[in-house]
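Colleague: The following comprises the amino acid sequence and a computationally predicted model.
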Amino acid sequence: MTNFRVALVGSPNSGKTTLFNSLTGMSARVGNYPGVTVERKSGDLLPRSSGVEILDTPGLYSLQPLSEDEHIACKVLRGDFPGEQPIDGVALVADATAIENTLPLLAEILALGLPTVLILTMVDELKARGGAIDLFRLQKEIGVPVVGVVGTKGLGLGALRDALVGLPGTPPASPQKNRGLDWEKSVLLNASRIRPHQSKLTQAVDSFLLHPFWGVLFFFGVMAFFFQSIFTWAAPAMDYLDVLIATAANSVTANLPAAWYSSLLADGVIRGVGAVLIFIPQLVILFGILFLMEATGYMARAAFLADRVMGAFGLEGRSFVALLSSHACAVPGILATRTIPSKQTRLATIMASPLATCSARLPVYTLVIGAFIPATTILGPFSLQGFTLMGLYLIGSGSALLVASALRKGPLQGSALSFYLELPPYRAPSIWSGIVHVGERVRTFLRRAGTVILAGSVALWCLLHFPNKAPKDLAGLQREQYVLENSYAAGMGKALEPLTAPLGFDWKINVGIIGAFGARELIISTMGQVYALEGATENAQRIQLRDTLRGSSSRVGALDTPSAIALLVFFAYALLCLSTLAVMRRETGGWGWPAASFFGLLGVAWLLAALARAAFS
């Protein structure tokens, strides 16, 4: 049976994402539209037997598109997107407190002649702010079903499901009727619409958060809290995971024969992947705080506040949103540039995005900072470790702006288009939406850990344990150390030592950097395997990797503090991510810009890391 396909359409901040999650539950299928890298999200309307498929579309304000995202949404609605099956109906989501902003888009959608339903979200907020609208009269005026919902509380979802299930039998909207400005005024008048009053509390809060001084100060306070919480809140869960992983690995070692397959399972799989999985609590906090910033309405205000600063570097407020998204991952950050109408500004933002500190860098940063930076309290609850992490994020963000500025003043010159942004009202975030949002991103990380990182960890184990031609008279720890020092991995790492010697990197770190091209987190897996072998005792007891790094300064080739700082600087600049390069190639239309970014940032990373080591030696 072929499902009736309904496109969920709406402007940003209309409550479309919350509504989609409520209608489809956790069944969303996430992919890309054919031929492009814009996320395509679809799901079956609950219950599954409804026969209705919901297709979430990029946010848009009009069918006269300006950005790449809007172009795709318009093509999907008109049924002329190559490789995408034409839709059968439209569900337009509108904020009930600002319905006048959606009426022009409604008129354009009605002109398509498809079965349509209008969904008014936040009807409770409309009433709370003294506003009103007669849904029955509104339905009569526009000629299509109208349903009022409160997505965060689940109110009206039953009626909405009934309307969506009944949409196949709904007559298509009449495309002939003239729907201009007079029509919009008539609709609001005949629907007895009462405009909601502006909240005095919102005005007072905005006067502070949007202030050019106090607003910026508050933003940096939020960021300081953000980075400190990554260390403080995640520590207990990380310690618990560390114990579980160590227990599992030791159990394998104790219960299996001393053979290559037991080492592969214990060191290559459990410890290799586990060294990365231990950072999941920090990623949950990272994604959770980013969700709170967006769901409460603060993200839009931060973008508005940043527009003036971004303008000084040839960018605009939408670039801020893309760069902030890149702090989770450069891939969605680059995709977010599709909302930027100026091609020059968009390309400059794409080239700057890899410098934003992504979540894949976070495990490296927190490991090295935890091992070499003391947890000295500096200001109230904030420690030197938290400020160091914040400094790395600021270095990445500042460097991204400098790269963008250089490009906008050089090869990407051009006038910037005006930045417009609708500031959403402040709202309490939906716990369910937050769980879904964070859960999706953690699942993406786990899929990465189960594929790329697992494969990389196993490959690294093989490189670290072969050709395994140790003399027969060696046994125990001496044999392990001989195999390690004469492995394929050691050969590759030692071949790079002349290049990395000024940075203080030995072959072990070099092997991790090679693996990091597939996934940055693999350097953690590499060090976990290398130092577990190097530091093994006769009774096979292992100590935590962080403690190993901190206490390893007496061993030949181990990291010291200047080399650790050089490693942080190197990772802050080097573009060690194949996924990012692939998306850059797709979005820029060739390998020219990605290649320039890769080799340019690699050279800058080497130079600045060498200078950092020299400065701290």
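Modeller: Yes, it's here.

Colleague: Tell me how far the residue lying closest to residue 601 once chain neighbours are set aside lies from residue 260.
Modeller: If you skip the residues right next to it in sequence, residue 601 has residue 575 as its closest partner in space, 4.6 Å away by Cβ to Cβ, 6 or more residues apart in numbering. In short, each C-beta sits where N, CA and C put it, glycine included. Distance, residue 575 to residue 260, by Cβ to Cβ, to the nearest Å: 35 Å.

Colleague: So for those two, which residue has more residues nearby?
Modeller: Comparing residue 575 with residue 260 by other Cβ atoms under 10 Å, the one with more neighbours is residue 575, at 21 against 14.

Colleague: Now the more buried one: phi and psi?
Modeller: Note on residue 575: its backbone torsions stand at phi -90, psi 80 [degrees, to the nearest 10].

Colleague: Tell me how many other residues surround the residue lying closest to residue 295 once chain neighbours are set aside.
Modeller: Nearest-residue entry for residue 295: residue 429, 3.6 Å, with adjacent residues in sequence omitted and distances by Cβ to Cβ, 6+ apart. Taking other Cβ under 10 Å as the neighbour definition, residue 429 ends up with a count of 18.

Colleague: go on, the one 3 residues further on?
Modeller: Using other Cβ under 10 Å, the number of residues around residue 432 comes to 16.

Colleague: And the helix or strand hosting residue 461, what's buried?
Modeller: With elements taken from DSSP states H and E, the one containing residue 461 is helix 454-465. Buried positions in helix 454-465, judged by neighbour count with 16 or more other Cβ atoms under 10 Å: 454, 456-465.

Colleague: from those, which is closest to residue 593?
Modeller: Sorting those by how near they are to residue 593, with Cβ to Cβ, puts residue 456 at the top with 26.5 Å.

Colleague: how about the helices of the stretch 401-550 of the chain, start to end?
Modeller: For the stretch 401-550 of the chain, the helices defined by DSSP state H, counting those that start in this stretch cover 431-448, 454-465, 476-485, 488-500, 507-516, 522-534, 545-550.

Colleague: next helix or strand past the last one?
Modeller: Okay, so that is helix 545-550. Next along from helix 545-550, by DSSP H and E: helix 561-573.

Colleague: pLDDT on that following helix, on average?
Modeller: In this model, helix 561-573 has a mean pLDDT of 91.

Colleague: just stretch 23-40 next, same as before
Modeller: The model assigns stretch 23-40 a mean pLDDT of 54.

Colleague: Over to residue 116: give its phi and psi.
Modeller: The phi/psi pair for residue 116 (degrees, to the nearest 10) is phi -130, psi 150.

Colleague: what's the answer for residue 88, then?
Modeller: With angles defined as degrees, to the nearest 10, residue 88 sits at phi -100, psi -20.

Colleague: can you tell me which residues contact it?
Modeller: By Cβ atoms under 8 Å, 6 or more residues apart in numbering, the contact list for residue 88 reads 4-6, 114-115, 167-168.

Colleague: Might you specify the subset of those residues located within strands?
Modeller: Secondary structure defined by DSSP state E assigns 4-6 of these to strands.

Colleague: What ranges does the stretch 51-200 of the chain have for its helices?
Modeller: Under the criterion DSSP H, counting those that start in this stretch, the stretch 51-200 of the chain contains helices at 68-78, 103-110, 123-128, 135-142, 157-165, 181-190, 200-209.

Colleague: Quick check: which of these is nearest to residue 583?
Modeller: helix 68-78 (13.2 Å).

Colleague: what does the domain assignment say about the chain?
Modeller: Listed domain ranges for the chain are 4-190, 443-559 (source: automatic domain parsing).

Colleague: what residue of the chain is the furthest out?
Modeller: Centroid-distance maximum for the chain: residue 473 at 52.2 Å, with Cα atoms, centre = their mean.

Colleague: who's in contact with the closest residue in space to residue 405 that isn't next to it in sequence?
Modeller: Nearest residue to residue 405, sequence neighbours excluded (Cβ to Cβ, 6+ apart): residue 313, at 4.1 Å. Remark: with contacts taken as Cβ under 8 Å, 6+ apart, residue 313 is in contact with 401-402, 404-405, 408.

Colleague: Which of those ranks first by neighbour count?
Modeller: Most surrounded of these: other Cβ under 10 Å gives residue 404, at 26 neighbours.

Colleague: My understanding was that that residue contacts residue 351; is that so?
Modeller: Yes: applying Cβ atoms under 8 Å, one finds residue 404 in contact with residue 351, separated by 7.0 Å.

Colleague: what about the strands in the protein?
Modeller: Secondary structure of the chain, counting by DSSP E: strands at 4-10, 29-32, 39-44, 52-56, 89-95, 116-121, 146-149, 377-379, 382-383.

Colleague: of all the ones you listed, which lies closest to residue 579?
Modeller: Shortest separation from residue 579 across the strands of the chain is recorded for strand 29-32, at 12.8 Å, computed as Cβ to Cβ.

Colleague: What confidence value was assigned to the residue nearest to residue 295?
Modeller: According to the per-residue confidence, residue 429 scores 82 in pLDDT.

Colleague: Could you report the distance from it to residue 559?
Modeller: Here the distance between residue 429 and residue 559 works out to 41 Å (Cβ to Cβ).

Colleague: and what of residue 282?
Modeller: Distance of residue 282 to residue 559, computed by Cβ to Cβ: 21 Å.

Colleague: swap in residue 153?
Modeller: With distances defined as Cβ to Cβ, the gap from residue 153 to residue 559 amounts to 52 Å.

Colleague: ok now do the nearest residue to residue 490 once chain neighbours are set aside, which residues does it touch?
Modeller: Setting aside the residues directly before and after it, residue 490 is nearest to residue 507 in space (Cβ to Cβ, 6+ apart), at 5.5 Å. Shown in contact with residue 507 (Cβ under 8 Å, 6+ apart): 489-490, 492-494, 496-497, 557.

Colleague: Check residue 361 too.
Modeller: Contact partners of residue 361, counting by Cβ under 8 Å, 6+ apart, are 520, 571-572.

Colleague: Show me which of the residues you listed are buried.
Modeller: Buried positions within the contacts of residue 361, assessed by neighbour count (16+ other Cβ under 10 Å), are 520, 571-572.

Colleague: Output the residues you listed as JSON lines; include the columns distance to residue 248.
Modeller: Converted to JSON lines, the buried ones among the contacts of residue 361 look like this (distance: Cβ to Cβ, whole Å):
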{"residue": "520", "distance to residue 248": "24"}
{"residue": "571", "distance to residue 248": "28"}
{"residue": "572", "distance to residue 248": "33"}
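
Colleague: Give me the pLDDT for residue 549.
Modeller: You'll see residue 549 listed with a pLDDT of 61.

Colleague: Over to residue 611?
Modeller: Per-residue confidence (pLDDT) for residue 611: 96.

Colleague: With residue 438 instead?
Modeller: According to the prediction, residue 438 has pLDDT 86.

Colleague: Report the helix or strand with the lowest average pLDDT across this protein.
Modeller: strand 29-32 (a mean of 46; mean pLDDT, DSSP states H and E).

Colleague: Between the two ends of stretch 321-338, how far is it?
Modeller: Terminal residues of stretch 321-338 lie 11 Å apart, using Cα to Cα, to the nearest Å.

Colleague: Any stretches of the stretch 501-617 of the chain with poor pLDDT?
Modeller: Within the stretch 501-617 of the chain, the stretches falling below the threshold (pLDDT under 70) are 518-519, 521-522, 525, 528-558.
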